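Chemist: here is my input, please return the structure:
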Amino acid sequence: MPTAGPVEFWRSSLVGNVLTLTVLLAIAAALRTRVAMLRRLEIPDGIVAGALGLVLGPNLAAIAPLDGHDLEPLVYHGFAIVFVAVGLQGSERVRATGSARSLSFALVGLAVLQALLGFALLAGWALATSQELHPGLGFMITLGFAQGPGQALAFGSAWEPLGLVHGAQIGLLYAALGFAWCCVLGVPLVAYARRRGWLDPVPSDDGVAAPSTAAAVAAQRHGMEPLTVQVAAIGCVYAAVFAVLWGLSSALPAGGNMAASLWGFHFLVGSSLAIALRKLVDRGHVRIPLHDGLLGRIAVTAIDFTTAAALSAIVLDSLGDVIVPILVMSSIGGLVTLVVCLWLAKRAFPEAPFSHALLLYGTATGTVPTGLALLRIVDPELRGPVARSTVIAATAAVPIGMPLFLGVIPLSVARWDAGFWPAVTLSLAVLAVYTVALTWIWRRTGPLRFTRPWTTLWPDGAHRD
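Modeler: Model (predicted):
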């Protein structure tokens, strides 16, 4: 019986994609150390590697052996791995300041506002051109900008059976455009703020050290390799994610909108299961020597590969006649996001207003690591209050944002069968109510103040509503 030679094992597209992404990340790291402009811009290596993959891949130069179709699963699963790894980490005990509470509301508020803007632009585009685009595009500014490539791809691919042609590619393109807006506007913004005197004082070392997790390593001195333990824990949680999603989707009507969208929520299921497992470990009900440092490194590695894969996976010629409205919507979305972040700076963040606004903009156009990359321009060692606010806000934003993912989006998806205008008008109405309610709660429970004049991005704080 003939068997495949060893050379056959090298012909898998998975092997080619992973090896190519690894080489591109190495090139990006080398460029950052040698090119002064890249060092100044502080662009994450994942973005640089993804841009190289987009140029050198099958889209343009066709030099790098990348397969865009097979890169999409890497993005889909890599994004969820990030959430699982972060969920398994222990919660740091840091003080919940007013700015941290504001940041949690701002992260969700901007996502809701971007969705509201997306559906308003869909309605305006239909009135101006008589072209009724798929309602799923209304959420793509939020999914691609505020949630990142993994989530945009997950929902885009889940909505392809519901009529969103090339939904995965559209999600990846929005994520790429979000990263572009983050770099193109975020870096010059720091220089502009420096000239205007908006920059916050440079933080000093407060002497607070990160909690040690050496005990977890010591516990494994005679057992399994600590890194293997973390990988095994992540793998078991992700296997449970598949079981939960399979069970829920099997209980729903086959071919329905909800069943198709359910698999796009894999990251939320993974995060919830990971947090639940961590609580059991912390309470001593389950004995697993989890190591926060190793889990954090796994998450960062997954982010680098996911970002590089997402940008490399974009197939530009597959987007056809939707490329123009996508560019228009993303451009307006990027500019509006920047204006809103600056408008909120002194109205929502009592301490380090510009640094909070800078991180908020980077996160609202990419991911939390992208926002931290922008923050490092003004706080290179992340010693200031903004990094600590992010730890709290990223967790607190999950329940605040649940109504968007578990209520608004499923409600909108269920209405798509009724046609373009019923779907768009319902989405606009629900998102408008959500925005008003979120703002009211934020104003009542957080430091948000409507400082006048409202038309000024950087008020002096003399008149507070």
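Chemist: could I get the buried residue list for the biggest helix by length in the chain?
Modeler: If each helix of the chain is counted by residues according to DSSP state H, the longest one is helix 98-129. Of the residues in helix 98-129, those buried by neighbour count under the rule 16 or more other C-beta atoms under 10 Å are 98-123, 125-126. Where you see a C-beta, it was placed from the backbone N, CA and C, and this is true even at glycine.
Chemist: over to stretch 51-64?
Modeler: Counting neighbours by 16+ other C-beta under 10 Å, stretch 51-64 gives 51-54, 56-59, 64 as buried.
Chemist: then stretch 69-84?
Modeler: By 16+ other C-beta under 10 Å, the buried positions in stretch 69-84 come out as 71-84.
Chemist: cool, and stretch 187-194?
Modeler: Buried residues in stretch 187-194, counted by 16+ other C-beta under 10 Å: 189-190, 193.
Chemist: what stretches of the stretch 201-350 of the chain score poorly on pLDDT?
Modeler: Applying pLDDT under 70 to the stretch 201-350 of the chain flags residues 202-223, 254-261, 264, 315-320.
Chemist: give me that answer again for 50
Modeler: By pLDDT under 50, the weakly predicted segments of the stretch 201-350 of the chain are 206-215, 217, 219.
Chemist: what about the closest residue to Ala123 other than its chain neighbours, which SS state?
Modeler: Across the structure, with C-beta to C-beta, 6 or more residues apart in numbering as the measure, the residue nearest Ala123 apart from its sequence neighbours is Val424 (5.4 Å). Of the three states, Val424 takes helix under DSSP: H, G, I helix; E, B strand; the rest coil.
Chemist: can you give me the distance of Val424 to Gly296?
Modeler: Remark: distance between Val424 and Gly296 (C-beta to C-beta, to the nearest Å) = 41 Å.
Chemist: just to revisit the earlier point, tell me how far the longest helix of the chain lies from the chain's centre.
Modeler: Average the C-alpha atoms of helix 98-129, do the same for its chain, and the two points are 15 Å apart (C-alpha atoms, centre = their mean, to the nearest Å).
Chemist: report the distance from stretch 328-337 to the chain centre.
Modeler: What separates the centre of stretch 328-337 from the centre of its chain is 17 Å, taken as C-alpha atoms, centre = their mean.
Chemist: what does it rub up against?
Modeler: Around stretch 328-337, the neighbours that count as contacts under C-beta atoms under 8 Å, 6 or more residues apart in numbering are 110, 113-114, 117-118, 121-122, 125, 137, 140-141, 144-145, 174, 177-178, 181, 185, 361, 364-365.
Chemist: coming back round to it: narrow the buried residues of stretch 187-194 to those in helices?
Modeler: With helices defined by DSSP H, the entries of those inside them are 189-190, 193.
Chemist: ok, those vs Thr435, which is closest?
Modeler: For these, the minimum distance to Thr435 (C-beta to C-beta) is 24.7 Å, reached by Leu189.
Chemist: which residues touch the closest one?
Modeler: So, once contact is read as C-beta under 8 Å, 6+ apart, Leu189 ends up touching 338, 358, 361.
Chemist: do the same with Val244
Modeler: When the contact criterion is C-beta under 8 Å, 6+ apart, the partners of Val244 are 269, 273.
Chemist: roughly how far apart are it and Leu268?
Modeler: When C-beta to C-beta is applied, the distance between Val244 and Leu268 equals 11 Å.
Chemist: ok so, going back, quick one: the buried residues of stretch 187-194 as CSV, columns for pLDDT and distance to Leu262 too.
Modeler: Supplementary listing: the buried residues of stretch 187-194 in CSV, determined by pLDDT from 0 to 100; distance: C-beta to C-beta, whole Å:
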residue, pLDDT, distance to Leu262
Leu189, 90, 38
Val190, 86, 41
Ala193, 90, 43
